[in-house]
Each structure stands twice: as structure tokens, then as C-alpha cells.
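Chemist: I'd like to go over a predicted model; first the sequence, then the structure.
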Amino acid sequence: YQANAQFQVLHNGTFGSLNLVLGAAFDRSNITNRWSALGAIEQILVEGVGAEVVQWNTPTQALQHVTQSAVFVQDSWRPVEWLAIPFGARLEDSSGRSTAANNRINWTTLEPRVGFVVRLPVTGAVLRGGFARYGHVLQGSYLDFGSAFALAGQVFRWQDANGDRQVQPPELDRLLRVFGGQYSAVDRNLRRPLNDEITVELTKQFGDRFVTRVRFFRRDDRHLVSIVNSGVPFSSYVPTLVIDPGNDGIPGTADDQSLTLFDRKPS
């Protein structure tokens, strides 16, 4: 569901021309995810030998919603004929959660931007530049974390005793790991990922048909969202130094290198 409104004012005065735009936007997405797996299990074989079995929590269905609302103002001020200064700001609120889950996410951010457009003394040459901040869109997939109704599973060691490549309950050994919605959570202090971007562009037009552009930009990503395995911290691994013989596969040649591998402790 979406709704948008915008109001625009044009003004020419002593200090130049203004093109003021005020606006607001609202949208809400209702999301339904359904999962199903045949027999609710997955058999994993390595070189034809039973290795692991995944027990899924299917069939299951998760309901989620994401709401985003924003107000913004922007202007393009032209104090003199050869210079324009566009600027603006956007205040955005994004929130979402899954039904029957304590995984609410709420982000409120101010996203400013400012720039310049200069018509240079050289015929057909224009210099542009600016700074802008963009907030990432709240993804519905984030809300699978912390939801007991989202896809999840348990992974067991499989000892295929009779070698028939078909798992029977007595052949399931110890639990190796778990994953998915009911075994995870959303950080209560999760911050909105942001992009800060600076751009400078020089444009030169030659005649009516040929245009050249040279553009520089720098984009910095901040507060990126990632998955952290809190059940297996760094201390659960044993660093082990090994020698990689390189592309030729021959130890003692120039392409050898030392690598640190991390073995997870059985405990």
C-alpha cells in the first residue's frame, strides 16, 4: 500500500530563483512466506556415503510487515545565471516485525544532500558536484531472524550403518548445529545501514552530437548488517598454520605461502 503527496513552489526574487518541493510518502508491505520440504528432512551424502541429515521445521509459514514513512524538502537555488545550488533533506522512519515474534526493527534517520552546478566560462562546459546520504531499505528477510515460524533446522551426524543411503532414526548421531528463525534473534540496537556519497563531474559538449564526461565518486558504506554466529565465537577455533604449495602444487617453489586455518573444537 502506497501514498505520496508533493507540493511545489517556484519563486523569482532579488536573491535569485527558488524551486521548493515539499513532500511526504508512506508505504506498507505485508509479507507471507511459506516453506515445505518433502518428509521434512534432507539427506546429505559425501562421495555416496551418508554424512549429515537436516531436519527442517516444515511445513511452516511466517507473516511479516514492513512500514516506511518519510517527509522531505528540497530546493534548487539559482542565485546567479551560471550557478545552481540544489539541497534537501529526507526524514525517514522504517519499522517492521514478524507476527508472534519479538524481533521488531525500527529505524529513524535524517538523510541530507547538497550540491552545486556551475556553468564554466568555456562553451558547453559544466561542473557538478555534491554530497548525499542514503539509507538502506529495510528488508523483510531480516524479520526471519527471531521468528519461530520462519525456516529453521537441525543438522545431525548420519551414520548409515546398513549402507542403503536411506536414513533411519537409529542412524542419527549427535546434533552438530542448528540454524534459522527459532535459533536466532535480531539485535535490539541494530542500526540502519547508510551510504555516504561524494561526486564531482565535469561535462563538455562539442557541437550538437558529442558529449564527454569525467566523473569522480567516493561511496562509504556504514553500519552494514551481517549475521553473527554467537553460539560459536572466535575462541571456539584453534588457529593452525599450514603451507600452501601454490598453483603448481609443488612445495618449496616461489609460489608457496603460509596460511592460517581455523579448526573448530569438537566441544
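Modeler: Thanks, I have it. Residues are numbered from 1 along each chain as shown.
Chemist: use CA for all of it now, contacts and neighbours both
Modeler: OK.
Chemist: quick one, strands of the stretch 51-200 of the chain?
Modeler: Taking DSSP state E, counting those that start in this stretch, the strands of the stretch 51-200 of the chain run over residues 60-80, 83-98, 105-119, 125-135, 152-158, 172-180, 194-206.
Chemist: in a markdown table: those, plus mean pLDDT and mean neighbour count.
Modeler: Converted to a markdown table, the strands of the stretch 51-200 of the chain look like this (pLDDT from 0 to 100; neighbours: other C-alpha atoms under 10 Å):
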| stretch | mean pLDDT | mean neighbour count |
| --- | --- | --- |
| strand 60-80 | 96 | 18 |
| strand 83-98 | 96 | 19 |
| strand 105-119 | 97 | 18 |
| strand 125-135 | 97 | 18 |
| strand 152-158 | 95 | 20 |
| strand 172-180 | 91 | 15 |
| strand 194-206 | 96 | 16 |
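Chemist: got a markdown table for those strands, with distance to P245 too?
Modeler: Formatted as a markdown table, the strands of the stretch 51-200 of the chain follow (distance: least, C-alpha to C-alpha, whole Å):
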| stretch | distance to P245 |
| --- | --- |
| strand 60-80 | 48 |
| strand 83-98 | 50 |
| strand 105-119 | 48 |
| strand 125-135 | 45 |
| strand 152-158 | 32 |
| strand 172-180 | 32 |
| strand 194-206 | 41 |
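Chemist: and of those strands, who's closest to L259?
Modeler: Between L259 and the strands of the stretch 51-200 of the chain, the tightest spacing by C-alpha to C-alpha is seen for strand 172-180, at 26.3 Å.
Chemist: from the contact counts, what lies against the closest one?
Modeler: With contacts taken as 3 or more C-alpha pairs under 8 Å, 6 or more residues apart in numbering; DSSP states H and E, strand 172-180 sits against strand 152-158.
Chemist: what is the strand it packs on packed up against?
Modeler: strand 49-56, strand 172-180.
Chemist: ok, the last one: who's next to it in the sheet?
Modeler: Right, strand 172-180. Applying DSSP bridges, strand 172-180 is found paired with strand 152-158 (antiparallel).
Chemist: residues making contact with the strand it pairs with?
Modeler: If you take C-alpha atoms under 8 Å, 6 or more residues apart in numbering as the criterion, strand 152-158 is touched by 50-57, 167, 171-183.
Chemist: one more time with 7 Å
Modeler: 50-57, 171-182 (C-alpha atoms under 7 Å, 6 or more residues apart in numbering).
Chemist: ok, back up a step: CSV for the helices and strands packed on strand 152-158, including distance to G153?
Modeler: Below are the helices and strands packed on strand 152-158 laid out as CSV (distance: least, C-alpha to C-alpha, whole Å):
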stretch, distance to G153
strand 49-56, 4
strand 172-180, 6
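Chemist: just the terminal-to-terminal distance for stretch 158-177.
Modeler: By C-alpha to C-alpha, to the nearest Å, the extent of stretch 158-177 from end to end equals 13 Å.
Chemist: residue closest to the middle of the protein?
Modeler: The centre of the chain sits closest to V225, judged by C-alpha atoms, centre = their mean, with a distance of 6.1 Å.
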